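Asker: This is the structure alone, sequence omitted:
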């Protein structure tokens, strides 16, 4: 094994979020699947922006948020993702580097432009995403920096990467490099509809040994195993990966590792503002713990702590130093 | 008098804010005047962005924020300001229209790009702005839509407009049109350093009858009259304009109209997050009240209500419908 320089390498769709509040009626009117990621084309992006309320812009992208959270916790993180050489691409690049993440993926010159996701936050704090993938469709195996990959303790990627055409080839390469260097590989299932689109491929990644660790929320795990019963899904997942972290919103999270089973409560919050980034930041905290030799309970608690910060404000990345919160928490 | 279609027309520098948290030490290191608007050129903008932490982007600009607040309160507002035909210009245009403001100023084709202000929010919630004026330098009398101007009950503009070269000519024209149509004209003094740059011109606007109403915070009013004594400044301002609204942060505000003198407490808040937009939203509430035949005390209270909303989150414009807050407030 070579020296490790990064706790976690994350790979994902590099996206700038455009975030506005909206009523539930609006989602119905515009035919948006609530609490999900809706893929949209350029024309629909233009339409939705025209009917969207006043917004703010913030760098996002699931795995990008996770890397940002790890850096904010004081861990070392790297990120691979494709932006274009345009203004949104500059914003994305600035923000992920400014929080301390190593990010060197070559931007796409020309079109399509940097990806953006129009996120509507309803009064219950739930987010409904509408993602135009833009430059992300160009991510491919040539974007995997083998050196960074080999030097990362964990390589983590989004299920969302099965949407663009060549990113799955990039991930297969990244996973091989990681395993060749005796590192671990993790996936997040991303979204119940995403699981629906790629169920058999995700199961094959798990059963074929391409991934060792999975992150999923309850809906995603149930979708994966096509069951409405969580215990059934949990009894199945333990045979398919060595470690699974299942998030359950305000119910906390459950970790499954062989016959070990750890359940923790959610971290307390004052007001739920915007769930965007909740799962991503949970993964940050969990992976920070895992790569700092914490036990599984602590990993889950740090995940909950990071998720609690991000859901108490608009925007998908931490607004305070998570390392301070962690130090204060006594975890 | 023709029919009025707008409660308030506001005119200002059209700016997108780039907002990050920073420590006080950073302001000292980077030689940034705290709690002020620092004008910067393109080169310094590039430097500051390089050293800035992770940021979010939100449409801003003092008078733009005020117009947005009036619309959010349920009033009718129009806005004149210059963006370029670039991505930040699209964001600015989208956001101000999406909140319900009439905005039709022709964007600048080509360079310089849309203005941006890098805003550093320190742990005390105070904001320190670094503004690259970009396309704003092209605002001129040709951008004054006489019809909109004539149909607005109040024409309100920023003292900041004295920084770009030709905007003051635009304002003199706008004020003339307003007065020809027997409307009122208001100015905000914007910033103590701005007052320092244009003190004699601002006093001339007031004494010469170009403006009827002024908005100022305590520091700006003291700077205007070059005194450290607020009562002295207040006794002077009542001779120079028919109505003055003086904001005092957590001390509330004072209204001076001839010999009438109204003092109100600040609206209570839970946590001060970011003072950006406090004065702008106070002006929104005050002008909403004034154009809806409220008495001066109510105008000041509505101003305080709107300011309280905007300082409890990051970003310079309201994140909830101010009309709902007003209805609930009983004011």
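Answerer: Thanks, I have it. As the structure is a computational prediction, the values presented were derived from the model and not from experiment. Numbers count the residues shown, from 1 in each chain, chains lettered A, B, ... in the order given.
Asker: Show me where chain A dips below the pLDDT cut-off.
Answerer: Scanning chain A for pLDDT under 70 picks out the ranges A:1-3.
Asker: And the residue of the stretch 51-200 of chain A found nearest chain B, its phi and psi?
Answerer: Residue of the stretch 51-200 of chain A nearest chain B, by CB to the nearest CB: residue A:57 (3.9 Å). Any C-beta I mention is one placed from the backbone N, CA and C, and that applies to glycine too. Backbone geometry at residue A:57, expressed as degrees, to the nearest 10, gives phi -110, psi 140.
Asker: so who does it touch?
Answerer: When contacts are counted by CB atoms under 8 Å, 6 or more residues apart in numbering or on different chains, residue A:57 touches A:16-19, A:88, A:91, B:56-58, B:91.
Asker: where exactly do the strands run in the stretch 151-300 of chain A?
Answerer: Ranges of strands within the stretch 151-300 of chain A are A:152-158, A:184-188, A:213-217, A:243-247, A:253-257, A:260-264, based on DSSP state E, counting those that start in this stretch.
Asker: now residue A:7, what's its secondary structure?
Answerer: Look at residue A:7: counting by DSSP: H, G, I helix; E, B strand; the rest coil, its state is strand.
Asker: didn't residue A:260 look like it was pressed against residue A:296?
Answerer: Yes - Residue A:260 is within contact range of residue A:296, at 6.9 Å (criterion: CB atoms under 8 Å).
Asker: Now the residue of the stretch 51-200 of chain A closest to chain B: closest residue in space, sequence neighbours ignored.
Answerer: The shortest distance from residue A:57 to any non-neighbouring residue, by CB to CB, 6 or more residues apart in numbering or on different chains, is to residue B:57 (3.9 Å).
Asker: where's residue A:116, which helix or strand?
Answerer: Assigning secondary structure by DSSP states H and E places residue A:116 in strand A:115-121.
Asker: err, residue A:38, not the other one
Answerer: Using DSSP H and E, residue A:38 falls in strand A:37-39.
Asker: strand partners of that strand, parallel vs antiparallel please.
Answerer: According to DSSP bridges, strand A:37-39 has the following sheet partners: strand A:127-132 (parallel).
Asker: next one: the strand it pairs with to chain centre, how far?
Answerer: 14 Å (CA atoms, centre = their mean, to the nearest Å).
Asker: List the contacts of the strand holding residue A:38.
Answerer: Against strand A:37-39 from outside (CB under 8 Å, 6+ apart): A:32, A:117, A:128-131, A:133, A:160, A:163, A:190-191, A:193-194.
Asker: can you pick the most crowded of those residues?
Answerer: When neighbours are counted by other CB atoms under 10 Å in any protein chain shown, residue A:190 leads these with 29 neighbours.
Asker: give the contact list for it.
Answerer: Listed by CB under 8 Å, 6+ apart, the contact partners of residue A:190 are A:37, A:62, A:158-160, A:220.
Asker: rerun that using 6 Å as the cut-off
Answerer: Contacts for residue A:190 were tallied using CB atoms under 6 Å, 6 or more residues apart in numbering or on different chains; they are A:158-160.
Asker: of all the contacts of residue A:57, which two lie farthest apart?
Answerer: Pairwise distances across the contacts of residue A:57 (CB to CB) peak at 14.7 Å, for the pair A:88 and B:58.
Asker: Those two: who's more crowded?
Answerer: Per other CB under 10 Å, whichever of residue A:88 and residue B:58 has more neighbours is residue B:58, with 28 against 24.
Asker: Work out the gap between whichever helix or strand that one is part of and the centre of the chain.
Answerer: Per DSSP H and E, residue B:58 falls inside strand B:56-59. Centroid separation between strand B:56-59 and its chain, computed with CA atoms, centre = their mean, is 16 Å.
Asker: Listing partners with orientation, what would you give for it?
Answerer: By DSSP bridges, strand B:56-59 pairs with strand A:56-59 (antiparallel), strand B:15-21 (antiparallel).
Asker: does chain B sit close to the following helix or strand past the first one?
Answerer: Later in the chain than strand A:56-59, the nearest helix or strand by DSSP H and E is helix A:62-72. No - contact between helix A:62-72 and chain B is absent, the nearest approach being 7.0 Å (criterion: CB under 6 Å from any CB of the partner chain).
Asker: Mind giving me the packing neighbours of helix A:62-72?
Answerer: If you count contacts as 3 or more CB pairs under 6 Å, 6 or more residues apart in numbering or on different chains; DSSP states H and E, helix A:62-72 packs onto strand A:6-11, strand A:77-80, helix A:278-290.
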